[in-house]
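Participant: no FASTA, just this:
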């Protein structure tokens, strides 16, 4: 009887060992041991065959070869013999980077996927910018139109309301209200369009709440809000009667200052370093532009209505030199900060738009000088007002052209922004860990991974692995093992991280904290090709 418990113990231990062995075998899934060409290799000519060798026999489920243009390449019959999968190479493989994506089933019945990348001759060159689709053109046109109308409302409408409240005797109420109301419609509309552009959605998706949320989340959301408040103040100034001059002037002043504040809250110029100089410069420049351009429509209307009454013109002529000097000084600083070099004026799109704007401003200054030193003296001496009226009309037309040109800057980043090879950042966040991935901008370079815990503190790890997959393109996960960067426990580096295709990639980082603790953070993000 004493032997029976011992026999039971031995049987239990044997059963436990069998279970452990079975579990161990089940977890020992097939893994890729060697690829020909090797992952990341650059071979001088197309290979005769592609081979994948695993640590145990496998059967192929799906094998896909993706060429440098992102299109799938038809493969002949795939052969599997023991632990090696052989794919005869298609004829005339092109020069550039290819991705071999595979999915096989191991001996235990578990499917295993992966991908290797190799280049023939040389890695693919950076992709050319994609042609703008018809939907994209319509969206860009809508964004430009909304910006242009908003600028007309701010500079012509609010600026005109300020002129009428503080300087002018004749106020073209109908024209100014039209400009102000149009700007008030364009302000919120431009937010939705901004969201469409941020999310890369077509114009038909404007009714979606996500577009408006995205637009409001950008810095432009604050600009649109302040711009709408400035337009409402302008309407208040126009609507106030002559019996309430303080209300009229107060609303007009608030509106004018609101124009400067709205433009200083976002945009390339306002974010140029040093911002302590650039933001005030944008504010001063916008206020002075609104003061100058806003006076043109009331002056034009007053000259036509009362040719001999030059009281408002005289007051404006006495005041304008100071705003004009501030405008030129602030504009000069902003141009210097944005261009950074002289040749950018004719070698970049931003510089070309700026050159056209400067030419238009010079024409505007020439007409203003002709008004001050030629046409106004003729009006006073001979009562001839027609040349002055025509010049004012020309100034107004040029001013509208300038506003249309300025709206184009929405699509032309300044040279100082292009000169900065800023890395592309990806943020992955989980409950217990987060990872900041910064890809180098230059082709063929790598990425830096900053590993933190859930409380944003450095997280020491034994191993860090980056896994990339693009299911839509049929690319199975590609694994890149990071190495520790320097002496830091939470800074890791991947020296060669190439993204073969632009698209929405599943990005996963596996963090081995110790032998018993492994953390994973994952997200789907849009990545540009780095080839």
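Facilitator: It's in. Keep in mind it's a predicted model, so treat the numbers as computed, not measured.
Participant: Check the burial of residue 182 by counting its neighbours.
Facilitator: Residue crowding around residue 182 was assessed by other CB atoms under 10 Å; the count is 17. Any C-beta I mention is one placed from the backbone N, CA and C, and that applies to glycine too.
Participant: Assign it to helix, strand or coil.
Facilitator: Following DSSP: H, G, I helix; E, B strand; the rest coil, residue 182 is assigned to helix.
Participant: And for residue 92?
Facilitator: Applying three-state DSSP: residue 92 is coil.
Participant: Now it. Its backbone dihedrals?
Facilitator: phi 60, psi 60 (degrees, to the nearest 10).
Participant: Distance check, it against residue 320.
Facilitator: 71 Å (CB to CB, to the nearest Å).
Participant: The two: who's more crowded?
Facilitator: Per other CB under 10 Å, whichever of residue 92 and residue 320 has more neighbours is residue 320, with 18 against 6.
Participant: quick one, what contacts that one?
Facilitator: 291-292, 295, 368 (CB atoms under 8 Å, 6 or more residues apart in numbering).
Participant: Which of the residues you listed scores worst on pLDDT?
Facilitator: Lowest pLDDT within the contacts of residue 320 is found at residue 368 (82).
Participant: Near residue 511, how many other residues are there?
Facilitator: 26.
Participant: just checking, it is part of a helix?
Facilitator: No - the assignment for residue 511 (three-state DSSP) gives strand, which keeps it out of a helix.
Participant: Quick check: it touching residue 459?
Facilitator: Yes - look at residue 511 against residue 459 with CB atoms under 8 Å: they come within range, at 7.0 Å.
Participant: Mind listing the shared neighbours of the two?
Facilitator: Common neighbours of residue 511 and residue 459 (CB under 8 Å, 6+ apart) are 433, 451.
Participant: I'd assumed residue 350 was in contact with residue 414.
Facilitator: Yes - with contact defined as CB under 8 Å, residue 414 counts as touching residue 350 (4.8 Å).
Participant: which neighbours do these two share?
Facilitator: Taking CB under 8 Å, 6+ apart as the contact rule, residue 414 and residue 350 both touch 338-339.
Participant: isn't residue 502 right up against residue 525?
Facilitator: No - look at residue 502 against residue 525 with CB under 8 Å: they stay out of range, at 11.7 Å.
Participant: Looking at strand pairing, list the partners for residue 114.
Facilitator: Beta-bridge pairing of residue 114, defined through DSSP bridges, involves residue 102.
Participant: Quick check: it vs residue 55, distance?
Facilitator: 13 Å.
Participant: any weak-confidence spans in the stretch 1-150 of the chain?
Facilitator: Scanning the stretch 1-150 of the chain for pLDDT under 70 picks out 1-30, 107-110, 125-135.
Participant: Spell out the residue ranges of the helices in it.
Facilitator: 3-27, 134-151 (DSSP state H, counting those that start in this stretch).
Participant: can you check the stretch 301-450 of the chain too?
Facilitator: Using DSSP H, counting those that start in this stretch, helices in the stretch 301-450 of the chain cover 311-319, 321-339, 344-347, 349-370, 376-382, 386-408, 415-418.
Participant: quick one: which of those is nearest residue 249?
Facilitator: Counting by CB to CB, residue 249 lies closest to helix 311-319 out of the helices of the stretch 301-450 of the chain; the figure is 14.3 Å.
Participant: what helices or strands is the closest one leaning on?
Facilitator: Helix 311-319 sits against helix 275-305, with contacts defined as 3 or more CB pairs under 8 Å, 6 or more residues apart in numbering; DSSP states H and E.
Participant: Output the below-cut-off pLDDT ranges for this structure.
Facilitator: 1-30, 107-110, 125-135, 306-309, 376, 379-385, 416-424, 441-445, 487, 529-531.
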